[in-house]
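1. coordinates only, sequence not included:
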Ligand SMILES: [Zn+2]
Ligand SMILES: [Zn+2]
Ligand SMILES: [Zn+2]
């Protein structure tokens, strides 16, 4: 695989007479890909049925003629204003029951059948026109599903679809649902499926089984919305199909959407994310303000490698300050190149910069591009050009497997949100905390979906926080050769969100441990571990059973227990505690650790080894001094 | 009176074949009482009119046969789903006008006449079936009135009822209402009663007279809802009737509801409350995380002794971690016994643990019980068993009067909420702060309703913050023999929320003091007291008059003034200031103080004396070293 | 001009038999003016068409007979309850779409045509009755436009009016609007004007051009509402017309409203404002809790001198604790006099105290007056009396021009709100920060509207943050003789909220500087300036061009650049940085600085010089020791 670069371009935003010059400059900068079209519905179809393809034909021809490969987006994320006249109730409703209207983007409910039909119609028209032939090198469906909290809708369309979804799940047997959810608890039993409402606006919290079912349903609606488009595109085109996922948008199952695609891609805005979603401390937000979090992007790179089953891109790469975060600093010089190489280190096929030229109008007028609004260059384009030159000499690369597997499961993410037990306890954060500790130990990681059935080749497999453990995964893990880490909350709920009682969780074969009790703790009440650094924070289970205690608190409460190559961790560990746990696991699994200096991360592929300094100061490492924003690429070294 | 234990049981949650075993284990653990039924409407009446009493008959028979006494709850807190089809508008509306729907509990508006009729219907059916005979030892009406902020509803049903309530209060004379409320102020005068709306969604704050009237009306709706049930039950049964109030739910007048009951009871969750409603500092939330606040439960014990006119229970006692607080730690070993004895120290007849067995489904699946979901024992049941054994040797006890009276008035609580003047100033907190100071001084306290007409036997009577002082109470206090403490804000408003002007407040006979001005202060601006510790924080009045100054600020502003056995305090004192005030009052009243070490509290009854160590460390006291969670019970000692 | 005092009086709140005594006491206290009537609609017209003028006639006669001058307010801020029966949809809707109902004040939408007609009707009736003759000395329209966030309404009436407003602005050409707003961006293009909604409830942020247009429209609705009244009053009366603006209410253009009035006035509540809108640090909120912010009132005094084109009053002056702030402390003794003289130092014609007597009922019953509710005097009336005596010997004064001009532009305020780029970045705060620095340098300042065409006489002109620079102002500034300070964000947007691109902003003639990039920064990441104190905080532009660098960061990033007598500042400076900037500017402009001690401010008029000590402690100054709340007035001194 040859690694390539690209950009996101909006011909409809610019006078036609500059398209050719833009295309030539893209090629000159070393770019291969140009993504277009995903917000252009009002130009393709200004009024319903009035299709205006000419401008898009000319735009595509111009770009292709210049030597660029076109990624064409379906425009369904931004239905035009006339759509609202046809479907006044097409909007999602928020949890307060308020309709979210026209005037920005993503203004549709995934369950609205009228809009679903319109989406299929425009995708069909687009596929019929551009599918045949070679003009389009790849497709993108919609744009950033779920962004702006648009997965979950409390509309009547959603309610009707949810009822149907439940009817199917419970085979039309309302007693089965009542029993599975324990609706007897507060006389919440239903007589008929169509009595079931959405789990918002209740007096106190709804039944968690009800909430989790609604989360799963909401995710399935995204999957089926996307599948509609994929089926149409595939009927007309051989080009691969991608979607551009958004960072830390976890309201739908990205793996399930990804199963219908050839390529996963994501939109990487390291500085914006550090300000609005990473959850880093204020000190880290200052320290990494111009560089981004040292693990957040890498985590997503590894995640989308899994979502894309090996094929993945960065579809939108931050090139300078963005407009949408609470604070929008400029990147440190070199970071655009740094982020690009970091994506390649994790196996990206392509990195596309968003956007070609900063728009002087509308919502993102303060979002930097490779060009300024006056078409002058920004620092980002020089760094892109540098990467293009470096890539020219970098050769082809092949996929590789990491020594460590880390399972990430969207169903568990929802389950923890439905029932955190302690304020702020988040499954995403738990998995990210484990990922950080692995990276601090110099380990390369594969993120693994819960549907994986074969763990061959992994020396160490981490499965923290899987509140529901599907039978197949339980079996696959039981059969794995590597060391497995479970807990906390492993298998704490059955598929209907009940606590299994015969026996109590986690009920792992070969590991004699029972969760006898659970408690959540104020974050300012860490429980120190015995014999060294680290503490349990926020959450702790009380274990029973004969497994050996590996780690305990200073008061003798078992935290990590083991038998053979299975380990169960009963609490949420702070970073020092996780470092101890990872050290303990690696020693047991025979995995070599290479302790990274603060801010430094290393990633190995089959043939290459990359070192990254995320700090704004130089750092001494075993491979020499890394400057600020420093990237070192060399042949893979075995220790 | 023999002190007893019990538990809360939900036969409808469990297979019938384990009921008998459960009952036998309850008896073996030393339990006397079992409360059932309060959430079971959907099983009693699965569809309207289809009464299914058989299972409940068998459940009651099984429990009674095992030797338990049954408390039967009316199921009106959880109307089944079919009720909503009959009465789609039965829900409360929140202050934003949003309807609070089905799917949890307490989903009804107290003013909805349709639901009121349904509630009377089911209670009648239940009373007719179970009232006669001996099967039921006590009744509980509904469950936790007002919990989840359900007292106040902005529904149309509430508006209609409020208009009628006002019409009655003002004898149908709209001019009287306009004048009483000062509606001329912003041209808010009404022509007819039915023009009056609810005091939400106004542009800026509504008339405080309007708000206070609505608060009183809302409370009265709870009283009349409960009275409906009591009248029906009493017509069919001789068993005593209780309600289980919830901690720090002050939106309705518990005394008034209590007047219709034989027994007051409350639901005591010390760890959950410390996290979500006590209002303690973060340091105290850490210090007492596993023990609970040292005064909050005691305050409620004393309050419900007043509400029950001597007869009171803990109907639900926390037995382990709960599910609903921001953080849900496990109690320190011994705390379940400790809390039980604390209730008995304050005169409880019975303490029932909530719940018998942890439910593996629905909303409270993380709420501990005496048994785990797999029916194994939790630590709580051992501690309950220990108390049962201790009780067996503890003999009978009789009611007793404390030397100190502290008035707590729901009307004042609403008045301070309607018009705090300074952000965060809360009457409940003011009274609790005084209560804490009394307890730090080793004093046992009776909480007294504002309807009390006789203060005989009290050496010291505290009446802080009574914004409206009803004539009868004014008279009763004037005639009391003990020392009375008034202020701040005593009699600051008449019955219609006006400032009396002839003369200005407080207008206390025999105490020459006038509130010339009031101010509220930032909490970070304490005003130090002269000659020693303590400060005024948050609120201060400027006094005029000839009363003697007992305490003043360092700048000579009078804070506490006195004449004879009346004292007026013009400000909100910090803990050190309140300790000074209590010391001063006790010296003046001839009451002996016994200074408690931090975390230690003492309570005397007529015959017994109890010492409690709320700390997680041992504490030295005048009665020896108290271990963590330590309880010392001995014969009452006079100093 | 003779400086005078007054008060706000509500005869309808008091028994008629005390009116005469009240009037006599006002005169005795040295008051000249009495404002009445602005909330009395329900007494003037208890039911529609039933006009009750008699009481108002008698009230006016009583006051005039006592020697007072009457300011009569139109009562449109408080339409009576019967109005709502006629116009049930007359309310403003908040951004969530909730209607803001009856029960307080300002319960109308400026765009509701039905209410607009009613307002014209009552004003016509009032003007016809009281306009002719001499009884009324001045008028006030409505009360505190925009207070309680009432400028902006998301009602259907507002939507209809907004569509019409846009149609006019874009000459009925929807393509022109689409193009001006860049609606192609996310397929937001409209086919017809009446498809345009209000910019609330969108999925993510609306187009900033859409938002800014709505802000301008909303302001224009206030202007036209007020103009309706002014035209009617002027047709019947020769008395001057005022409106009483509210502090830091910036949702409409006060200058534009002011152009229709003879007198600007504002309502000055120094202690309330410090708590709820100044935005001072907690330390300053403590330090000035009883005195008020040292610059906030002065800023408004100077602002309303501009709004009134020289003629301005304080219509409501805080006389003691108010009721509405989060905390409501009492002023330091002397502050009522201090605030009064401060207003006169800035050129006020009159200062009226709000209110004569504290009301014992309704919403403001805890708002102090000159009299207590029992008619006893408060400290404020003594201080007013003292000012009256001092004024008697103070002679006439004439208007004067300050050496420094500071432009304040409402359009820029909205633009920064629409697009702050960094959280918390506020144009008002930016201008106030500059104003504070000028005052710390002992400079008297004129605030200038953006419509000013002649800057003759100003040695220094500050124009920070003018996001849109209208052509006329650009020209006027270019032609000014004094030194001009621009930036940050000068001319960053065109009149339709686009970034100009040929060339990029600021495009100032004679100053070679281009804003090449912008970034916003976390407030805890100050960028220190080189060679001395001060830092950039929160916002920084990257400049290109040949202008000389005056100030740069410690890393060499240009912050202030200059050519000739034009300076551009690229960042938001902290106080020390602004002191450096002002020092640099004054040195360059030849303006003499007199450094003020902390808390001390000086103001010069043509003939007088005033020194004010805002601290609660005495301060040493070059004019001697100023006591707490100290005011020194002397003949103007030239240095
Ligand atoms: Zn994007
Ligand atoms: Zn409960
Ligand atoms: Zn006012």
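-> Looks like it arrived, so ask away. Bear in mind that the values here come from a model prediction, so they are computed numbers and not experimental data. Ligands and ions are numbered 1, 2, ... in the order given.

2. When you work out contacts or count neighbours from here on, use the C-alpha atoms and nothing else.
-> Noted.

3. Give me the distance from stretch A:174-182 to the chain's centre.
-> 33 Å (CA atoms, centre = their mean, to the nearest Å).

4. Name the residue of the stretch 101-250 of chain A that lies nearest to chain C.
-> Proximity of the stretch 101-250 of chain A to chain C (CA to the nearest CA) peaks at residue A:101, 4.8 Å away.

5. What does the closest residue to that residue other than its chain neighbours show for phi and psi?
-> Leaving aside its sequence neighbours, residue A:101 sits nearest to residue C:202 (CA to CA, 6 or more residues apart in numbering or on different chains; 4.8 Å). Note on residue C:202: backbone dihedrals following degrees, to the nearest 10 are phi -80, psi 160.

6. what's near enough to touch the residue of the stretch 101-250 of chain A closest to chain C?
-> A:91, A:107, C:201, C:202, C:203 (CA atoms under 8 Å, 6 or more residues apart in numbering or on different chains).

7. List only buried entries from those.
-> When those are checked for burial by 16 or more other CA atoms under 10 Å in any protein chain shown, the buried set is A:91, A:107, C:201, C:202, C:203.

8. what ranges do the helices span in the stretch 201-350 of chain A?
-> With DSSP state H, counting those that start in this stretch applied, the stretch 201-350 of chain A shows helices at A:208-236, A:254-258, A:270-276, A:282-287, A:296-307, A:335-345, listed in chain order.

9. er, the stretch 401-550 of chain A I mean
-> For the stretch 401-550 of chain A, helices defined by DSSP H, counting those that start in this stretch occupy the ranges A:410-418, A:427-440, A:471-479.

10. Tell me if the first one is near chain B.
-> The one in question is helix A:410-418. No. Helix A:410-418 does not reach chain B (CA under 8 Å from any CA of the partner chain); its nearest approach is 10.4 Å.

11. Can you tell me what sits against that helix?
-> Contact partners of helix A:410-418, identified using CA under 8 Å, 6+ apart, comprise A:208, A:211-212, A:215-216, A:250-254, A:425-428, A:465-468.

12. Out of those residues, which are close to chain B?
-> Near chain B, taking CA under 8 Å from any CA as the test, the members of those found are residue A:208.

13. Need the helices of the stretch 201-350 of chain A in CSV (columns: mean pLDDT and mean neighbour count).
-> Converted to CSV, these look like this (pLDDT from 0 to 100; neighbours: other CA atoms under 10 Å in any protein chain shown):
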stretch, mean pLDDT, mean neighbour count
helix A:208-236, 98, 21
helix A:254-258, 98, 23
helix A:270-276, 98, 23
helix A:282-287, 98, 16
helix A:296-307, 98, 24
helix A:335-345, 98, 23
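
14. of all those, which lies closest to residue A:504?
-> helix A:208-236 (18.3 Å; CA to CA).

15. And that closest one, what does it pack against?
-> If you count contacts as 3 or more CA pairs under 8 Å, 6 or more residues apart in numbering or on different chains; DSSP states H and E, helix A:208-236 packs onto helix A:113-130, helix A:156-169, helix A:254-258, helix A:410-418.

16. Please name the strands paired to the following helix or strand past the longest one in the sheet, noting orientation.
-> Just to be clear, that refers to helix A:113-130. Using DSSP states H and E, the helix or strand that follows helix A:113-130 in sequence is strand A:136-140. Sheet pairing for strand A:136-140, assigned by DSSP bridges, gives strand A:69-73 (parallel), strand A:241-246 (parallel).
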